[in-house]
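[1] need a structure here:
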Amino acid sequence: MSGYTVAILGATGAVGTRLIQQLEQSTIPVSKIKLLASYRSAGKKLQFKGQEVTVEEAKPESFEGVDLVLASAGGAVSKKLLPEAVKRGAVCVDNTSAFRMDEDVPLVVPEVNEAALYNHRGIIANPNCSTIQMMVALEPIRKAFGLKQIIVSTYQAASGAGQSALNELYAEAQDYLDGKDMKADIFPTKGDKEHYPLAFNLLPQIDVLEDNLYSHEEWKMIHETKKIMLGDMNSPEIKVTATCVRVPVPISHGESVYIEVADKSATTEKIQQLIREAPGAVLQDDPDHQVYPQPINAVGSRDTFVGRIRPDLENEGAFNMWVVSDNLLKGAAWNTVQIAERLVADDLVSVPAAE
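    Numbering: from 1, shown residues only. The predicted model follows:
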């Protein structure tokens, strides 16, 4: 095929604009681009490879003749429109939570489980941003030494909740510095009863709080990890727990990760070497010179940065590390385009025939 017709659903959002940029830089041969969004954004003009493209309202018929759909317009929109795209012959990579836990939908981080793409039925799910970077860092360790347990605490940027949330952080910070009352309408989560300022604050709630006392973000990290690494969202093979915290950082998530390995021959030096060689990972770990990953330095990079790797002094076979990545790129837009690149390279851009 000389080129693909690619549609970006949610083209005007924080992730959508980055999807355009990542697609421009990708290896995917694009013969035609369609930029789709809500009726409110229809008519806007955006650029793709120097050409002006008019944003169209997303409707089922928008996907006629489309080969690939890259979607980041919210779960409800994906649930409504992506099956329509598949009916019309498109393969969809979805950046929302709509299909992640569907048994028939591969949940993919290319560095970890690219082979799952061969089982797609028209829709592939992009994992949660905080899960993706942890998988990039931990998969080489799992392959070499096995993993028994993961305990992660996240430090998640405001942009993980979208452009409006990022704007709210900036407005709150300015109000605080001006001695004004901060107005909170979005954090910790838009649909919940109470809202609190994020500026100069920390919020130990991302998404809604479930009946089991975990937030839905924490639930996602636990079960997505198991599905990606083990192919079973409820597998007992690796114990996983998470505490997810929203921090007043604009872009890039940080994660403090504790792991217990099965093979006690693991050492800090061996793990460092694994990270050096791992695709998509960059080792930044030089304590003598205060070199370690920082969110501000990760912005704009596709890589996942890993540092502060050290043995746990109380538990044999356990290690701690610090993981940072741009949540809008590797955590969203780049991982989505990267999946699409692999679909193209592996000749999987077609909807399998119904059984």
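
[2] what bits of the stretch 1-150 of the chain have low per-residue confidence?
    Along the stretch 1-150 of the chain, the parts satisfying pLDDT under 70 run over 1.

[3] show me where it has strands.
    Applying DSSP state E, counting those that start in this stretch to the stretch 1-150 of the chain gives strands spanning 4-9, 30-37, 45-48, 51-54, 56-57, 68-71, 91-94, 123-125, 147-156.

[4] For the second one, give me every contacting residue.
    By Cβ atoms under 8 Å, 6 or more residues apart in numbering, the list of residues contacting strand 30-37 from outside reads 2-13, 16, 20, 23, 44, 46, 48-49, 53-58, 62, 66, 73. Glycine gets a C-beta too; all of them are placed from N, C-alpha and C.

[5] can you give me the helices for the stretch 201-350 of the chain?
    Residue ranges of the helices in the stretch 201-350 of the chain, as given by DSSP state H, counting those that start in this stretch, are 216-230, 268-277, 295-298, 334-345.

[6] In CSV: the strands of the stretch 1-150 of the chain, plus mean neighbour count and distance to residue 345.
    Below are those laid out as CSV (neighbours: other Cβ atoms under 10 Å; distance: least, Cβ to Cβ, whole Å):
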stretch, mean neighbour count, distance to residue 345
strand 4-9, 25, 12
strand 30-37, 20, 15
strand 45-48, 15, 21
strand 51-54, 11, 25
strand 56-57, 16, 29
strand 68-71, 28, 13
strand 91-94, 27, 13
strand 123-125, 25, 14
strand 147-156, 20, 28
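
[7] Columns distance to residue 200 on top of the ones you listed, output as CSV?
    Supplementary listing: the strands of the stretch 1-150 of the chain in CSV, determined by distance: least, Cβ to Cβ, whole Å:
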stretch, distance to residue 200
strand 4-9, 35
strand 30-37, 33
strand 45-48, 35
strand 51-54, 40
strand 56-57, 40
strand 68-71, 35
strand 91-94, 35
strand 123-125, 35
strand 147-156, 15
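
[8] Residue 351: which of those strands is closest?
    For those, distance to residue 351 was read as Cβ to Cβ. The smallest value, 6.2 Å, belongs to strand 91-94.

[9] Quick check: can you name the pairing partners of that closest one and their directions?
    For strand 91-94, the pairing partners within the sheet under DSSP bridges are strand 68-71 (parallel), strand 123-125 (parallel).

[10] Let's have those in JSON lines, adding distance to residue 254.
    Below are the strands paired with strand 91-94 laid out as JSON lines (distance: least, Cβ to Cβ, whole Å):
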{"stretch": "strand 68-71", "distance to residue 254": "26"}
{"stretch": "strand 123-125", "distance to residue 254": "24"}
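
[11] Which one of those strands lies nearest to residue 316?
    Distance to residue 316, taken as Cβ to Cβ, is lowest for strand 123-125 among those, at 36.7 Å.

[12] Residues touching that closest one, excluding its own?
    With contacts defined as Cβ under 8 Å, 6+ apart, strand 123-125 is touched by 82-83, 86, 91-94, 98-100, 102, 105-108, 117, 339, 343.

[13] Would you list the buried entries among these?
    Neighbour-count burial (16 or more other Cβ atoms under 10 Å) applied to the contacts of strand 123-125 gives 82, 86, 91-94, 98-100, 105-108, 117, 339, 343.

[14] So which of those is the closest to residue 209?
    Using Cβ to Cβ, residue 100 is the member of the buried ones among the contacts of strand 123-125 that sits closest to residue 209, with 19.4 Å.

[15] Identify the residue nearest that closest one in space, chain neighbours excluded?
    For residue 100, ignoring the flanking residues on the chain, the nearest one in space by Cβ to Cβ, 6 or more residues apart in numbering is residue 125 at 4.4 Å.

[16] what are the bridge partners for that neighbour, then?
    The residues paired with residue 125 through beta bridges, assigned by DSSP bridges, are residue 94, residue 107.

[17] Make 36 the starting number, not 1.
    All set: I'll call the first residue 36, so the last point we hit is now residue 160.

[18] where's it relative to residue 225, distance?
    With distances defined as Cβ to Cβ, to the nearest Å, the gap from residue 160 to residue 225 amounts to 22 Å.

[19] what does residue 78 give?
    As defined by Cβ to Cβ, residue 78 lies at a distance of 26 Å from residue 225.

[20] again with residue 199
    Distance check for residue 199 against residue 225: by Cβ to Cβ, it reads 8 Å.

[21] swap in residue 161?
    Here the criterion is Cβ to Cβ. By it, residue 161 lies 21 Å from residue 225.

[22] Thanks a lot, catch you later.
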